[in-house]
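Colleague: just to be clear, the model below is a prediction. Sequence and coordinates:
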Protein chains: 2
Amino acid sequence: MIVVKIGGGAGVNTDTICADIASRVTQGEQIVVVHGTSDAVNTLSERVGLPPRTLQSPQGHVSRYTDPDTLEVYTMAAAGQVNKTLVAKLQSLGVNAVGLSGVDGKLMVAKRKDAVRAIDPDTGRQRVVRDDYTGRVEQINAPLLELLIGAGYVPVIAPLAIGMECERLNVDGDRAAAQVAGALQADTLIILTNVPGLLAKFPDDSSLIKHIDGKDIERAIEIAGGRMKKKVLAAQEALELKVNRIVLADSRKSAPISAALAGEGTEITP
Amino acid sequence: MIVVKIGGGAGVNTDTICADIASRVTQGEQIVVVHGTSDAVNTLSERVGLPPRTLQSPQGHVSRYTDPDTLEVYTMAAAGQVNKTLVAKLQSLGVNAVGLSGVDGKLMVAKRKDAVRAIDPDTGRQRVVRDDYTGRVEQINAPLLELLIGAGYVPVIAPLAIGMECERLNVDGDRAAAQVAGALQADTLIILTNVPGLLAKFPDDSSLIKHIDGKDIERAIEIAGGRMKKKVLAAQEALELKVNRIVLADSRKSAPISAALAGEGTEITP
């Protein structure tokens, strides 16, 4: 069993990823897909006149400011456009994909912070934001996934979770994928992105770190910048959930999953 | 087993419908939900600067012109916003809802007309439209629904189907509900809308037709105007698929499903 996270950023080539999934599923491999949605949310936000806004925590973490209006846009892009486009593409390649979000059957339950401390970009002061609908996945309905997998379906999961009060929540797709891999006791979690893996000296591709041992993961988190930091944090979360291997790999090559399994990218093991 | 179609028009009160579903599911009734999406698609279309357009057939039927750009909007509104909002609302009421579209697991396979004859509103002349992604549901993946129902889930289905070439298709929600009811051999199909039922003299509520016998359905189709005509056509389709009872009922009252089952609205039987 492999969990594949398909990045939601611009430049991720879903055609080659889907073709690779199809060829592996045809050979009998069990695959579960979790996808991102950032580029689609940004595009739809602009189209409806709600330009994307971010929240910066006092620790420097940056995340999407998901107020109620943005949550609607997020839901439409994640569970509508990206999810159904991927499912239709996989179906056209003979993969019996079923798209789900975390809201469905409480597939992914997340915890929302009802008050978030953020730095105001204008004044530099801290303020408390109370209408951000972002959460962290804490629980996976593994029996629902197993029910579908057992009947021959390939689940394709959108990064939209359900909160403790049944509110919809924006969740990080990489961490959601880690939780899914952990809940299914997957052998491998492959996180596909649009860089070759973790680079010691970003953006120098020749500085790719080929392997990280679990005991060195804190150091890797320090090295990682930007979006890559969340991916290494997701890898750490997957290790804690007893996933045997995580690969941070490049989506831009042909057969990217097979390449990742063959040793390209950054491999992280316990 | 009851199939409930929740209208997608403005003015349909989903709060009371969901509360009624919750109380009936809690008492052990099996319910499958199919929903519409027209108001949400119109709203999103306006927001993104693609005002809704229609196609009028030479026979006078009017339908949404779903070109590729509109199909994206349709997908986001139907499978994203409306579907996940309903699922989260049902979950908050203790119903273990799972949202699906017809794309997922090929739940609803439809046939697209690749060339549609339409009347040009400006010239009154016929023209042939080749980029309309609208279809008619022809096949339901009943085993997928039965798998979920058997495990205690309540399927909530968006009116987005998959075509013969795995393209996404806009499909009529009422007819989709008829096909679902037929495939599941449901006892009753309830089509909830924002009028009391079929009115002999629209908009005179006191002219409600309480009962239609299968042999009189053609006459009822003639009487019905506007959106109601499609609902009566859907009822006819359900009768042909051996559904025992179809009720065209008002969603605007409290406990609208229970009211429909108790004899309010227009009942149609073989």
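Modeller: Sure thing, it's come through. The structure displayed is predicted, hence computed values, not measured ones. Numbering: from 1, shown residues only, chains lettered A, B, ... in the order given.

Colleague: read off the pLDDT value for whatever residue of the stretch 1-150 of chain A ends up closest to chain B.
Modeller: Distances between the stretch 1-150 of chain A and chain B by C-beta to the nearest C-beta are smallest at residue A:80, namely 2.5 Å. C-beta coordinates here come from the backbone N, C-alpha and C atoms, glycine included. What the model reports as pLDDT for residue A:80 is 98.

Colleague: same check on residue A:13?
Modeller: Predicted confidence (pLDDT) for residue A:13: 88.

Colleague: so it sits right up against residue A:252, yeah?
Modeller: Yes. In this structure, residue A:13 is within contact of residue A:252 by C-beta atoms under 8 Å, at 5.7 Å.

Colleague: coming back round to it: leaving out sequence neighbours, find the closest residue to the residue of the stretch 1-150 of chain A closest to chain B.
Modeller: residue B:80 (2.5 Å; C-beta to C-beta, 6 or more residues apart in numbering or on different chains).

Colleague: quick one: that neighbour is in a strand?
Modeller: No. Judged by DSSP: H, G, I helix; E, B strand; the rest coil, residue B:80 forms no part of a strand; its state is helix.

Colleague: that one reaches residue A:73, doesn't it?
Modeller: No. Using C-beta under 8 Å as the test, residue B:80 is too far from residue A:73 to be in contact (9.2 Å).

Colleague: which one's more surrounded, those two?
Modeller: Neighbour tally, residue B:80 and residue A:73, criterion other C-beta atoms under 10 Å in any protein chain shown: the higher count belongs to residue B:80, 33 against 26.

Colleague: contacting residues for that one?
Modeller: A:75, A:76, A:77, A:78, A:79, A:80, A:81, A:83 (C-beta atoms under 8 Å, 6 or more residues apart in numbering or on different chains).

Colleague: check residue A:67 too.
Modeller: Residues counted as contacts of residue A:67 (C-beta under 8 Å, 6+ apart) are A:131, A:132, A:133.

Colleague: then residue A:254?
Modeller: Contact analysis of residue A:254 by C-beta under 8 Å, 6+ apart lists A:16, A:20.

Colleague: tell me the secondary structure for it?
Modeller: Recorded secondary structure, residue A:254: coil (three-state DSSP).

Colleague: over to residue A:29?
Modeller: Quick answer, by three-state DSSP: residue A:29 is coil.

Colleague: how far away is it from residue A:151?
Modeller: According to C-beta to C-beta, to the nearest Å, residue A:29 stands 16 Å off from residue A:151.

Colleague: who are the neighbours in contact with the nearest residue to residue A:266 once chain neighbours are set aside?
Modeller: Leaving aside its chain neighbours, residue A:266 sits nearest to residue A:197 (3.5 Å; criterion: C-beta to C-beta, 6+ apart). Residue A:197 makes contact with A:208, A:209, A:210, A:247, A:248, A:249, A:250, A:264, A:265, A:266 under the criterion C-beta under 8 Å, 6+ apart.

Colleague: neighbours of the residue in the stretch 151-270 of chain A that chain B sits nearest to, how many?
Modeller: Of all residues in the stretch 151-270 of chain A, residue A:166 sits closest to chain B, at 3.6 Å by C-beta to the nearest C-beta. Residues lying near residue A:166 (other C-beta under 10 Å) number 17.

Colleague: for residue A:89, same thing?
Modeller: Neighbourhood size, residue A:89 [other C-beta under 10 Å]: 20.

Colleague: just residue A:130 next, same as before
Modeller: By other C-beta under 10 Å, neighbour count at residue A:130 equals 10.

Colleague: which residues of the stretch 151-270 of chain A lie near chain B?
Modeller: Residues of the stretch 151-270 of chain A lying close to chain B by C-beta under 8 Å from any C-beta of the partner chain are A:151, A:153, A:160, A:162, A:165, A:166, A:167, A:168.

Colleague: which residues are in contact with the fourth one?
Modeller: Residue A:162 makes contacts with A:102, A:103, A:106, A:108, A:109, A:110, A:168, A:169, B:88, B:91, as judged by C-beta under 8 Å, 6+ apart.

Colleague: now do the last one
Modeller: Applying C-beta under 8 Å, 6+ apart, we find residue A:168 in contact with A:71, A:75, A:103, A:133, A:160, A:161, A:162, B:84, B:85, B:88.
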